[in-house]
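# Would you be able to build a 3D model of this:
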Amino acid sequence: MAISTREKNILLLAGLVAAVFFVSSISPAISAKYSNRAESIDRVSLDIEREQRLIAETDRWRERRQAAQEAQARLEKQVFTGGTIPVIEANIQRKLSADARDSGIAVNSTRLAERLETEGWLLISQEMSFSTKNAANTVTFLQKLQVSEPRLRVTDFSINRSRNQYSGSITVVGFARSPSSLGDSLEVR
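Take a look at the predicted model:
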């Protein structure tokens, strides 16, 4: 059986339409699959690069964390603690008096502590009058306060000489976390 030219043209046209249909329906699916695969490869490459960078920086972050923890520990040593505000005030007064006695200074009197509480912190100001026979004792006293732990900061200092004795007054401040902001986990120093 022979195929006429017209039938050949129809079959050729049908084949061409089938090829166009095949390309137009299959080609986007293949293209989408290739695009998804390329995106997946890019994501995996980025993840690998990020992991390698994190591994390389692990030591640096470890050192930074350790430095931050050491700084936090140093700062915590500078803060007074106590279960209540009067206990914290007593701790500050006791520390001030002990540093004075250790420096050869006689404590004449102490005033009631003044306090300021804000945003979970407590600032306590303590004034003390003192006397000593040696002026060098006051320098020793101030040096002790400068390196004290918990830290007492001098806000006011005055000294007068009368005959063979020096008398003066000092005001220091100490900081503490407000007992109300800490809850029940307070430690007394």
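# what about the spatially most central residue of the chain, distance to residue 74?
In the chain, the residue lying closest to the centroid (CA atoms, centre = their mean) is residue 68, at 7.1 Å. According to CB to CB, to the nearest Å, residue 68 stands 11 Å off from residue 74. Every C-beta, even on glycine, is put in place using the N, C-alpha and C of the backbone.
# in what helix or strand does residue 63 lie?
Using DSSP states H and E, residue 63 maps to helix 5-77.
# who does whichever helix or strand comes after that helix touch, helix- and strand-wise?
Downstream of helix 5-77, the next assigned helix or strand under DSSP H and E is helix 85-102. For helix 85-102, the contact count by 3 or more CB pairs under 8 Å, 6 or more residues apart in numbering; DSSP states H and E identifies strand 106-110, strand 114-118, strand 121-132, helix 135-146, strand 165-177 as packing neighbours.
# Distance to residue 28 added to the ones you listed, as CSV?
Formatted as CSV, the helices and strands packed on helix 85-102 follow (distance: least, CB to CB, whole Å):
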stretch, distance to residue 28
strand 106-110, 88
strand 114-118, 66
strand 121-132, 65
helix 135-146, 78
strand 165-177, 65
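# Mean pLDDT for those - can I get that in TSV?
Shown next, in TSV, are those (pLDDT from 0 to 100):
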stretch	mean pLDDT
strand 106-110	90
strand 114-118	87
strand 121-132	92
helix 135-146	91
strand 165-177	91
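# how about the ones you listed, which one is nearest residue 156?
Closest approach to residue 156 among these is made by strand 165-177 (3.9 Å; CB to CB).
# Output the contacting helices and strands for that closest one.
Using 3+ CB pairs under 8 Å, 6+ apart, strand 165-177 is in contact with helix 85-102, strand 121-132, helix 135-146, strand 153-162.
# returning to what we had before: how far is the helix holding residue 63 from where the chain is centred?
How far helix 5-77 lies from its chain's middle: 37 Å, per CA atoms, centre = their mean, to the nearest Å.
# Read off the pLDDT value for the residue nearest to the centre of the chain.
Note on residue 68: pLDDT of 94.
# that older thread, tell me which of the helices and strands packed on strand 165-177 sits nearest to residue 109.
Among the helices and strands packed on strand 165-177, strand 121-132 comes nearest to residue 109, with 5.1 Å by CB to CB.
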